[in-house]
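Colleague: Sequence unavailable; structure follows:
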């Protein structure tokens, strides 16, 4: 019985005729063979449309032409365009564009901006706000969502978390204090670095640095998983270290 099953399995295997080294690649899955041909032999296999798919597409084209002749095409197009729009996805992309590129909230009222996205999809007009006052609320909501995601990620860490504190100088000469976390993600099996805090500071005062650092410990509840703390850009670390030591001893 086992031999019969093995013979049946082997009979379904497809062998690559382009392989010149042993063992010759074989598989019973068409998509795997396509990937092999593309990666090893630089051959792109065009997938032909089945007879059923070809007939279906032909019927859809006929129905579309009938709708066009009966002036129903606008209603069909409107449904298709609107179906491809997702409010959450649009909000995420819009907030990302404004925050990452440091754009003015006023851009949401630019006529050029509205013309641009309506050219891409005329039905998107009802999905994008026209009041810049709503952008701040959307950014706060997006920040809270991402913060919750990071918090869950940190809570799921099985091993130690390492915090790094550094002060950078921005292009407009502002001092920016950043706190990052480094850890190993056991689920995705990779090293991860996450930005936990980003604040403007007036100077390198270490007590001010600890205030930001302490807020990170509170917000993300990672004291028990904390392994090391690395600080930089300070003349002396004594005050900062003393503040951390006093806090951890109280815990």
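Modeller: Cool, got the structure. Please read all numbers here as calculations on a predicted model, not as lab measurements. Numbering: from 1, shown residues only.
Colleague: For the lengthiest helix in the chain, buried residues please.
Modeller: What stands out as the longest helix in the chain, according to DSSP state H, is helix 133-155. For helix 133-155, a neighbour-count test (16 or more other Cβ atoms under 10 Å) marks 135, 138-139, 142, 150, 153-154 as buried. All C-beta atoms are positioned from the backbone trio N, CA, C, and that covers glycine.
Colleague: now for those residues, which pair is the farthest apart?
Modeller: 135 and 154 (28.2 Å; Cβ to Cβ).
Colleague: which stretches of this structure form helices?
Modeller: With DSSP H as the criterion, the chain has helices spanning 2-11, 30-41, 51-69, 73-83, 87-100, 111-120, 133-155, 206-220, 238-250.
Colleague: Make CSV from those helices and add distance to residue 173 to it.
Modeller: Converted to CSV, the helices of the chain look like this (distance: least, Cβ to Cβ, whole Å):
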stretch, distance to residue 173
helix 2-11, 69
helix 30-41, 50
helix 51-69, 60
helix 73-83, 47
helix 87-100, 21
helix 111-120, 30
helix 133-155, 25
helix 206-220, 18
helix 238-250, 23
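Colleague: Of all the ones you listed, which one is nearest residue 182?
Modeller: Nearest of the helices of the chain (Cβ to Cβ): helix 133-155, 11.2 Å.
Colleague: Tell me how many other residues surround residue 53.
Modeller: Residue 53: 10 surrounding residues under other Cβ atoms under 10 Å.
Colleague: Could you spell out which stretches of the protein belong to which domain?
Modeller: Per automatic domain parsing, the structural domains of the chain span 2-41, 160-250.
Colleague: re the thing from before, return the most buried member of the helices of the chain.
Modeller: Most buried of the helices of the chain by mean neighbour count (mean count of other Cβ atoms under 10 Å) is helix 206-220; its value is a mean of 17.
Colleague: counting contacts, what elements does that one pack onto?
Modeller: helix 133-155, strand 161-169, strand 175-185, strand 190-201, strand 226-231, helix 238-250 (3 or more Cβ pairs under 8 Å, 6 or more residues apart in numbering; DSSP states H and E).
Colleague: related to what we said a few turns ago, make TSV out of the helices of the chain and add mean pLDDT and distance to residue 193.
Modeller: TSV is the format used below for these (pLDDT from 0 to 100; distance: least, Cβ to Cβ, whole Å):
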stretch	mean pLDDT	distance to residue 193
helix 2-11	48	45
helix 30-41	87	30
helix 51-69	75	46
helix 73-83	74	38
helix 87-100	89	18
helix 111-120	87	33
helix 133-155	87	12
helix 206-220	81	14
helix 238-250	73	21
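Colleague: Kind regards, and thank you for your time.
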